[in-house]
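Colleague: Below is the sequence, then the predicted model.
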Amino acid sequence: MEENILRNYARLIVRSGINVVPGQEVSIAAPVEQPDFAEMLTEECYLAGAGEVRVDWVSQNVSRLHYKYRSLESLSHVKKWEEEKYKHTAEARPARIHLSAEDPDGMKDIDQAKYAKAQQARYTVLKPYRQAMENGAQWCVAAVPGLKWARKVFPGVSDGEAMERLWQAILHCARADGPDPVADWEAHSANVHRRCDWLNSLQLRRLIYKSESTGTDFSVGLIPDMLFCGGSERAAVQGVEYNPNIPSEEAFTTPMRGQAEGIVYATMPLSYQGVLIEDFSLRFENGRVAEVHAGKNEEALRLMVGMDEGSAMLGECALVPWQSPIRESGILFYNTLFDENAACHLALGRGYSSCMKDFEKYSREDFAALGVNESMIHVDFMIGAADLNITGITAGGEEVPIFRDGGWAAD
């Protein structure tokens, strides 16, 4: 891949992704497979005025070995230095970048129950810090190729060709292969904002999903004071606009906790913690998952749904037209960052309090009282289809077509 194109991508992540404030600290989680791009990203942060840039190297293979050989007690223990690191992040509020390159099958051989129990134990210690970090500063998740991921997406070709083709696909779907990605993202974000303005003008209180081809027949309640959001967001502390996901095609909101009924069928595999869950469905009763089925890795799905009290309830409803650029690329990425932007999706677990207008005025207790779900997880799964119809019910009881045949009804 040409260096100038990668440089533009790094600049996009820094300028449009986190939109670093002069003097601000930046934290980058980078895969060990991409040291050159991490170095380029670090330099772009400094050129944008960052006061300090910290790179934390991530290896999925090393993580797999930890879960294979360490005891549950060892994995569950949060060491003092780890807690201090989280405390520093909560107090200093650095802009955070996470570069995703994981192998979709990279953790399939570990003990999933052991993993879940360790994560549950760690969350009880780290929860206050994670809550303090929420909405406080800018963050951005973007992707770079990993070799095993590239082999999964483009099998049957050489390693070099697979990596090159995955780079091309990432950059194209991220709108980062043109001469001025930052300007392209400004225009794209403005279009998404206009779509959200239309949705918010309807004063929707419920969404009804139906797809004959998949069998989805489902409804979910919406929180009266919650907004549909998409494109750039605003950080509470710095007050700057940033883009948390590159790429992003969605208009999303946080639904009412405990108001979900019916069945939904996934239309794409879900890569969760290095395990690929395929051909699955979830049935909701009284707002909670009451029944799960999966053609592959059903036990991983059950463990995910049972992680805590809120993991069986919804935290997000996202609208993405079937004609999205990512789906039309014809590539199944096996990576939620991309696949969720190829189709309408829902998320189990934690809701986004940042969807609330003037969210910084509310406490966590306020959000809970309003109906925002709380959980240690937030996992998106795709339900979009070419014949998906979504109907909105307004505060006055009026039915409004939102999606017809997989696309925006208003188009």
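Modeller: Everything's here; your move. Numbering: from 1, shown residues only.

Colleague: okay, now the domains of this structure?
Modeller: Split into domains by automatic domain parsing, the chain comes to 3-173, 203-226+246-408.

Colleague: nearest to residue 233, of those?
Modeller: Closest approach to residue 233 among the domains of the chain (Cβ to Cβ): domain 203-226+246-408, 6.2 Å. C-betas here are computed from N, CA, C, even on glycine.

Colleague: does residue 380 sit in a helix or strand, and which one?
Modeller: When elements are defined using DSSP states H and E, residue 380 is found to belong to strand 378-382.

Colleague: what pLDDT, on average, does the helix or strand following that strand get?
Modeller: Sequence-wise, the next helix or strand downstream of strand 378-382 (DSSP H and E) is strand 389-394. For strand 389-394, the mean pLDDT works out to 98.

Colleague: With stretch 26-33 instead?
Modeller: 97.

Colleague: Which residues belonging to stretch 145-158 are considered buried?
Modeller: Residues 145, 146, 148, 149, 150, 151, 152, 153, 154 are the ones in stretch 145-158 that count as buried (16 or more other Cβ atoms under 10 Å).

Colleague: what about the most centrally placed residue in the chain, distance to residue 135?
Modeller: Taking Cα atoms, centre = their mean, the centroid of the chain lies closest to residue 337, which sits 5.7 Å from it. The gap separating residue 337 from residue 135 is 20 Å, by Cβ to Cβ, to the nearest Å.

Colleague: Excluding covalently adjacent residues, which one is nearest to residue 385?
Modeller: Take residue 385 and drop its neighbours on the chain: the residue closest to it by Cβ to Cβ, 6 or more residues apart in numbering is residue 211, 4.6 Å away.

Colleague: Next one: the residue nearest to the centre of the chain from residue 262, what distance?
Modeller: The gap separating residue 337 from residue 262 is 27 Å, by Cβ to Cβ.

Colleague: Check residue 44 too.
Modeller: Counting by Cβ to Cβ, the gap from residue 44 to residue 262 is 46 Å.

Colleague: neighbour count winner among the two?
Modeller: Taking neighbours as other Cβ atoms under 10 Å, residue 44 and residue 262 compare with residue 44 leading, 22 against 16.

Colleague: Let me know the secondary structure of residue 284.
Modeller: Of the three states, residue 284 takes strand under DSSP: H, G, I helix; E, B strand; the rest coil.

Colleague: Residue 44 now?
Modeller: Assignment for residue 44 (three-state DSSP): helix.

Colleague: So for it, what pLDDT did the model give?
Modeller: pLDDT for residue 44: 98.

Colleague: list the contacts for it?
Modeller: With contacts defined as Cβ atoms under 8 Å, 6 or more residues apart in numbering, residue 44 is in contact with 7, 10, 11, 13, 14, 15.

Colleague: hmm, which of those are the buried ones?
Modeller: Here, 16+ other Cβ under 10 Å leaves 10, 11, 13, 14, 15 buried among the contacts of residue 44.

Colleague: List the contacts of the first one.
Modeller: Residue 10 makes contacts with 37, 40, 41, 43, 44, as judged by Cβ under 8 Å, 6+ apart.

Colleague: from those residues, which is closest to residue 130?
Modeller: residue 41 (23.8 Å).

Colleague: I'd like to know how many residues surround the closest one.
Modeller: Quick note: residue 41 (other Cβ under 10 Å) scores 27 neighbours.

Colleague: That one: what's it in contact with?
Modeller: 10, 13, 14, 28, 30, 97, 99 are the contacts of residue 41 under Cβ under 8 Å, 6+ apart.

Colleague: So what does it look like in phi/psi?
Modeller: Dihedral angles of residue 41 (phi, psi; degrees, to the nearest 10) stand at phi -60, psi -40.

Colleague: How about residue 108?
Modeller: Backbone torsions of residue 108, given as degrees, to the nearest 10, read phi -70, psi -20.

Colleague: hang on, isn't it packed against residue 275?
Modeller: Yes - the pair residue 108 / residue 275 is scored as a contact, 5.1 Å apart, by Cβ atoms under 8 Å.

Colleague: What's the separation between the nearest residue to residue 204 once chain neighbours are set aside and residue 371?
Modeller: Using Cβ to Cβ, 6+ apart and skipping residues adjacent in sequence, the residue nearest residue 204 is residue 392, 4.3 Å away. Distance, residue 392 to residue 371, by Cβ to Cβ: 18 Å.

Colleague: Next, count neighbours for residue 344.
Modeller: Neighbour number of residue 344 under other Cβ under 10 Å is 28.

Colleague: give the contact list for it.
Modeller: 209, 318, 319, 320, 382, 383, 384, 388, 390, 403.

Colleague: any idea how far stretch 383-401 is from the chain center?
Modeller: 23 Å (Cα atoms, centre = their mean, to the nearest Å).

Colleague: Do me a favour and get the end-to-end distance for that stretch?
Modeller: Using Cα to Cα, to the nearest Å, one end of stretch 383-401 lies 18 Å from the other.

Colleague: who touches that stretch?
Modeller: 202-214, 216, 224, 264-267, 319-320, 322, 327, 342-346, 402-406, 409.

Colleague: Buried ones only from the residues you listed, please, as a PyMOL command.
Modeller: To isolate the buried members of the contacts of stretch 383-401 in PyMOL, using 16+ other Cβ under 10 Å:
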select buried, resi 204+205+206+207+208+209+210+211+214+216+264+265+266+267+319+320+322+327+342+343+344+345+346+402+403+406
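
Colleague: among the contacts of stretch 383-401, which are in strands?
Modeller: Among these, DSSP state E puts 204-210, 264-265, 319, 345-346, 402-404 in strands.

Colleague: now, the most widely separated pair of these?
Modeller: 205 and 265 (24.6 Å).

Colleague: With respect to residue 239, which of the ones in strands among the contacts of stretch 383-401 is nearest?
Modeller: Nearest member of the ones in strands among the contacts of stretch 383-401 to residue 239, counting by Cβ to Cβ, is residue 319, at 27.1 Å.

Colleague: tell me the contacts of that closest one?
Modeller: With contact taken as Cβ under 8 Å, 6+ apart, residue 319 is in contact with 199, 228, 250, 251, 252, 344, 390, 402, 403.

Colleague: Let me know whether residue 258 touches residue 287 as I believe.
Modeller: Yes - under the criterion of Cβ under 8 Å, residue 258 makes contact with residue 287 at 3.3 Å.

Colleague: The spatially closest residue to residue 383 that is not a sequence neighbour and residue 289, how far apart?
Modeller: Of all residues not flanking residue 383 in the chain, residue 264 sits nearest, at 5.0 Å (Cβ to Cβ, 6+ apart). Relative to residue 289, residue 264 is positioned 10 Å away (Cβ to Cβ).
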